[in-house]
Every structure is written in structure tokens, then in C-alpha cells.
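Enquirer: Next come a sequence and a model predicted from it.
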Amino acid sequence: MEKAYKNLGYFFLLLIPLTFLGFYKTYFVQFPDFKENLTTFIHLHAIIASIWILLLVVQPLLIIYRKNQLHRKIGKLSYIVFPILILSFVPQMIRIINSDAPQILFFPMADSVLLILFYSLAMYNRGTVSKHMRYILGTATVFLGPTIGRIGPQILEWSEHVTQNLQYGIIYLILIGLIFYDKRNEKNYRPYLLILSTWVIHQITFNLLF
């Protein structure tokens, strides 16, 4: 792993408190009874998404501590976890299609597309560490959407439209910062350009639909 990214696993740890805050009022506050319209499929999605976040945290830490063989073994586990993660979006999509606000289908569908794109590119480039790592980081940006998208309206009482566009701004700042950092250090920043461009398309589509 590149020296500049040696603390990437600790950065991914931030996803844990963000996820807890984002889903506290709609999910975690109901523990352990979970009575309010929470189906088995919602629990499954929560479990699989949590496992994926743990993988994001653990994998770069294993590289730091030179547990390369274990890193590869756990990486193979992602071949099982990732398809289940994507499939776990399907019940939510079906429920939205049959609801009074089918346009909200945009969110799980767009998130699934980005996850599939970034993960596929990461696996395709698994032999090139610089590209593999950056595309995996791209999958982490997708998880910022559901978390920040809930923290804004539910905790800070912002409008959903303002929150969503603020979320894009945060993702842009992260990616642009990484691009300039890599460019200054003569590293491969091109994966971030692709990730950034997909988020621009995501924002344009959101604002056209809503």
C-alpha cells in the first residue's frame, strides 16, 4: 500500500459512527424489538451493509500490519458478500415501486449502479494496487449518501433537497482533495476522475428528478 494511504482503514472507521447517526432514529433506536415496519429484508440489508463496511475497515489495516495472505482470503469473501449486498437492495426497490413515491427508486438504483461499477473496476484492477485501492475507496463514498442523507433531515432538520446537495459537495471535496494530493505526489489520480464524474451525473439526475 502507498505510504500516503496507510491510515485508510482508520479513515473508513468514520463510516461506523456516521452510519449509526444516520440510521439511529429509523433503525437502531428500535433495538431490540424492531416493531415499526422493519421486515426481515431490511434487517438482512443492514447486516450485509455492516459486513461490507467492516471489510472496508479491516482490509487496509491488514495491509498495514503485513497480513497480506489474510487480506487476500478476506478479499475472496467479498465475491460472496458483494452480490448479496446488491441483492439486498431489491426488496426495497420493489416496495418503492409499489409506493406513492416511485421516483425515490432513484436512490437504491443509483447506489447499486455505482457500487457495481466501482467494485467491478476494483476487482478488474486487483493486480494494480493503486487502482484497486482507489476504486474500493469509491465504494466507500456511496455509503456516505444514505448516512448524510438521513443525518441532515432527521438530526439537523435540514430539507432533504439541501441535504442531498450538501452530500454531493462533501463527496466532491473529498475526491478533489485526493486528486490534488495524488497529482502533487505524482500518483495515479485518474480513478478519482472517473468516480467524480459519476457523482456529477448522480447529482444532475437527482436535481432533474426532484
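Expert: Yep, that arrived.
Enquirer: how far does the helix or strand hosting Arg72 sit from the chain's center?
Expert: Using DSSP states H and E, Arg72 sits within helix 68-87. What separates the centre of helix 68-87 from the centre of its chain is 15 Å, taken as Cα atoms, centre = their mean, to the nearest Å.
Enquirer: Which SSE is immediately downstream of it?
Expert: Trace forward from helix 68-87 with DSSP H and E and the next one is helix 90-97.
Enquirer: Could I get the CA-only coordinates of the worst-scoring helix or strand of the chain on mean pLDDT as PDB?
Expert: Among the helical and strand segments of the chain, the one scoring lowest on mean pLDDT, DSSP states H and E is helix 8-12, with a mean of 72. Presented in PDB, the C-alpha positions along helix 8-12 are these (Å, rounded to 0.1, in the frame of the first residue of the first chain):
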ATOM      1  CA  LEU A   8      -7.100   4.500   5.100                       C
ATOM      2  CA  GLY A   9      -8.600   1.800   7.300                       C
ATOM      3  CA  TYR A  10      -8.800   4.300  10.200                       C
ATOM      4  CA  PHE A  11     -10.500   6.800   7.800                       C
ATOM      5  CA  PHE A  12     -13.100   4.200   6.900                       C
END
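Enquirer: What is the subsequent helix or strand relative to it?
Expert: Next along the chain from helix 8-12, counting by DSSP H and E, comes helix 15-23.
Enquirer: where does the protein dip in pLDDT?
Expert: Low-confidence segments of the chain, defined by pLDDT under 70: 1-7, 9, 22, 24, 27-29, 31-38.
Enquirer: show me where this structure has helices.
Expert: 8-12, 15-23, 40-64, 68-87, 90-97, 106-124, 129-154, 160-184, 190-209 (DSSP state H).
Enquirer: Counting by contacts, list what the shortest one packs against.
Expert: Where contact means 3 or more Cβ pairs under 8 Å, 6 or more residues apart in numbering; DSSP states H and E, helix 8-12 is packed against helix 40-64, helix 129-154. Yep, even glycine has a C-beta here, placed from its N, CA and C like the rest.
Enquirer: contact partners of that helix?
Expert: Here helix 8-12 makes contact (Cβ atoms under 8 Å, 6 or more residues apart in numbering) with 1, 53, 56-61, 64, 133, 137, 140.
Enquirer: Taking these together, which two end up most distant?
Expert: The span of those, defined through Cβ to Cβ, is set by Met1 and Ile53 at 19.1 Å.
Enquirer: contacting residues around Leu209?
Expert: With Cβ under 8 Å, 6+ apart, Leu209 has these contacts: 103, 106.
Enquirer: Distance check, it against Asn125.
Expert: Noted for Leu209: a distance of 32 Å to Asn125, by Cβ to Cβ, to the nearest Å.
Enquirer: Of the helices and strands packed on helix 8-12, which stretch is the most buried?
Expert: helix 129-154 (a mean of 20; mean count of other Cβ atoms under 10 Å).
Enquirer: ok and that one relative to helix 40-64, angle-wise?
Expert: For helix 129-154 against helix 40-64, the angle by axes from the mean of the first three to the mean of the last three Cα atoms, to 10 degrees is 140 degrees.
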